[in-house]
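1. My questions concern the predicted model and sequence given below.
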Amino acid sequence: MSEMQWPCTDPRPAPSADAAGRHRIAVLALPGVPPFELGIPSRVFGSVLDAGSRPLYEVTVCTADGAPVLSDAGFTVQPAAGPEALAAADTVIVPPTHAMPELGRGGPLPPEVTAAIAGIRPGTRMVSICTGSYVLAAAGLLDGRPATTHWNLAPEFRRAYPRVKVDEEVLFVDDGDVLTSAGVAAGVDLCLHMIRRDHGAAAANRAARMCVVPPWRDGGQAQYIDRPVPEPTVATTTTATRAWALEHLGEPLSLNRLAEHARMSLRSFTRRFRDEVGMTPVQWLTAQRLELAKQLLETTDLSIDLVAHRCGFGSANSLRAHMRTAFGVSPAAYRRTFHTDDLVEAGV
């Protein structure tokens, strides 16, 4: 099941780990790599610790041939390893590159990159940040799959790789063993999503706090795409209504009630909401309620019925239906997977 539009948790277990129990991540630095995107995996995954303060991930920056590469900021990146790190990895992350314009025309990868990717073990989780998606696409790893990239390059990407199902309106796409993110900071969103998928929302939330970033962001790239829409004014923005709704998730929140709070007509509110958030009010409310449900299932012993009512789903059956649709799992199964007394006691 593909997961798009907003970060969510897939309760599948994390892939394999090393002898110390750490999930091995190899970050492939290519010529022209932007330093910000290159550093995201080390910073975000490096913030994830177990109850004994031991790291749960081992992140290694490598290059296709083990040689240093020049970043797009003008300084050289000295890798810790070569292609052998890719072969040993449980997850491979490819940040963008600004030095391979031929990929924008559907051209081939350099021979050393092709050879390095060929050495990756079957079943390894493959991830791209921003235009790192071009590398995965050129390697044939995105054929027939949903994927995303920076919204500004989506038309070019679509022309170069017509077999890829491109969605430029989301922050990231989770297609199981292949995940792609949109531009720049969306790489942070995707890394937090992977932590959430591997170890639960509490671990992802703690990593987000350590990095001083939100655990997840509303909407997708749709809110950043250039469109002929007037700039919102204080009188027409839905920001205050969204903040108010988050404090009243357990109550019935009809579209009419939300529009009345925003002092807009129903039609204007719905249009403005989608322009600002990138999804409909109903989709957004469901996402917020599911996020709250996950937190309650992880950090409390409330009954499923009470969790459902506190999140605004009305009944346990409704919560079950929404969780199965979004995550493919029941609330009880999700709780068995992610509820940890240690995290509750530690206030994580």
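-> The structure has been received and is ready for your questions. Numbering: from 1, shown residues only.
2. Could I get the full set of strands for the stretch 51-200 of the chain?
-> 57-62, 69-70, 76-77, 91-94, 125-128, 146-147, 165-166, 172-174, 178-181 (DSSP state E, counting those that start in this stretch).
3. Alpha carbons only: can I get the fifth one in PDB?
-> The one in question is strand 125-128. Provided in PDB are the C-alpha atoms of strand 125-128 (Å, rounded to 0.1, in the frame of the first residue of the first chain):
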ATOM      1  CA  ARG A 125      15.000  -0.400   1.400                       C
ATOM      2  CA  MET A 126      15.700   2.200  -1.300                       C
ATOM      3  CA  VAL A 127      15.100   5.900  -0.600                       C
ATOM      4  CA  SER A 128      15.600   9.200  -2.400                       C
END
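4. next one: that strand to chain centre, how far?
-> With CA atoms, centre = their mean, to the nearest Å as the basis, strand 125-128 stands 11 Å off its chain's centre.
5. That one pairs with which strands, and in what direction?
-> Applying DSSP bridges, strand 125-128 is found paired with strand 91-94 (parallel), strand 178-181 (parallel).
6. Ok, which of the strands of the stretch 51-200 of the chain comes nearest Asp189?
-> The closest approach between Asp189 and any of these, judged by CB to CB, belongs to strand 172-174 at 5.8 Å. To be clear about C-beta, it is placed using only N, CA and C from the backbone, and glycine gets the same treatment.
7. other SSEs contacting that closest one?
-> strand 178-181, helix 186-199 (3 or more CB pairs under 8 Å, 6 or more residues apart in numbering; DSSP states H and E).
8. Worst mean pLDDT among these?
-> Lowest mean pLDDT of the helices and strands packed on strand 172-174: helix 186-199, a mean of 93.
9. got the angle for it vs strand 57-62?
-> Orientation check (axes from the mean of the first three to the mean of the last three CA atoms, to 10 degrees): helix 186-199 against strand 57-62 gives 140 degrees.
10. Compute the inter-axis angle for the helix or strand following helix 186-199 and strand 57-62.
-> Moving toward the C-terminus from helix 186-199, the next helix or strand (DSSP states H and E) is helix 201-211. Interaxial angle, helix 201-211 versus strand 57-62 (the same axes, to 10 degrees): 50 degrees.
11. gap between helix 201-211 and the chain center?
-> For helix 201-211, the distance to the chain centre is 13 Å (CA atoms, centre = their mean).
12. taking the mean pLDDT, what do you get for it?
-> 89.
13. List the buried residues in it.
-> For helix 201-211, a neighbour-count test (16 or more other CB atoms under 10 Å) marks Ala201, Ala202, Ala203, Ala204, Asn205, Arg206, Ala207, Ala208, Cys211 as buried.
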